Every structure is written in C-alpha cells, then in structure tokens.
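In: this is a predicted model, with the sequence first.
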Amino acid sequence: MRDVPDDVYAALAGAAAANHQSLSAFVAERLGEVARMVGVGDYAALYQPPVGSAVTIEDSAAAVRAVREAS
C-alpha cells in the first residue's frame with residue numbers, strides 16, 4: 001500500500017489476519033463501512049421530521065444510543 005505509514009499498515013494487516021481476510025478485502029470492507037456512515041450522516045443532517053411530529057433527531061439519536069448501551 002502506498003503512502004500508508006508503517007504502523008498503520010501493520011495494524012491493518014494484523015486486523016485482516018485476525019479476521020481471516022486478505023488485506024485488500026479487509027480495507028475494502030472498512031471503506032464500505034465508512035462510506036455508509038457518511039451517507040447516514042448526510043441523511044440525518046437533511047432529515048425533516050413529519051409535520052406535527054414532536055419527535056426530534058435528538059430524541060431519535062438518544063433512543064438509538066439507549067438501545068445500543070442496553071445491548
């Protein structure tokens with residue numbers, strides 16, 4: 001991998017090996033996760049709740065966090 005610091009490369013290679021994946025497959029999967037998260041962030045930033053709803057994005061985010069923490 002070009003332009004990747006040695007310590008970052010080593011960490012990625014170790015994580016790939018631990019997941020029984022090639023380095024390329026591991027990195028592609030992680031990049032896919034990042035791309036999806038960016039898309040979710042864009043969606044959330046533009047989301048307009050239905051008219052008359054008292055539920056805010058902050059309420060929704062708090063509910064998701066509560067469920068994650070309870071798991």
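Out: Ah, there it is.
In: residue 26 - how many residues pack around it?
Out: Around residue 26 there are 19 other residues, counting by other Cβ atoms under 10 Å. From N, CA and C alone the C-beta is placed, and that goes for glycine too.
In: same check on the one 4 residues further on?
Out: Applying other Cβ under 10 Å, we find 13 other residues in the vicinity of residue 30.
In: from residue 16, how far off is it?
Out: 9 Å (Cβ to Cβ, to the nearest Å).
In: and for residue 47?
Out: Taking Cβ to Cβ, one finds residue 47 at 35 Å from residue 16.
In: which one of these two is surrounded by more residues?
Out: The neighbour count for residue 47 versus residue 16, taken as other Cβ under 10 Å, is higher for residue 16 (18 against 9).
In: any idea what sits nearest the more buried one, other than its immediate chain neighbours?
Out: residue 26 (3.6 Å; Cβ to Cβ, 6 or more residues apart in numbering).
In: which is the succeeding secondary structure element to the helix or strand bottoming out on mean pLDDT in the chain?
Out: Every helix and strand of the chain was ranked by mean pLDDT, DSSP states H and E. The lowest is helix 23-46, at a mean of 84. Moving toward the C-terminus from helix 23-46, the next helix or strand (DSSP states H and E) is helix 57-70.
In: tilt between that next one and helix 23-46?
Out: Helix 57-70 runs at 140 degrees relative to helix 23-46, counting by axes from the mean of the first three to the mean of the last three Cα atoms, to 10 degrees.
In: before we move on, the earlier item: list the helices and strands the least confident helix or strand of the chain packs on?
Out: Contacts defined by 3 or more Cβ pairs under 8 Å, 6 or more residues apart in numbering; DSSP states H and E place helix 23-46 against helix 6-18.
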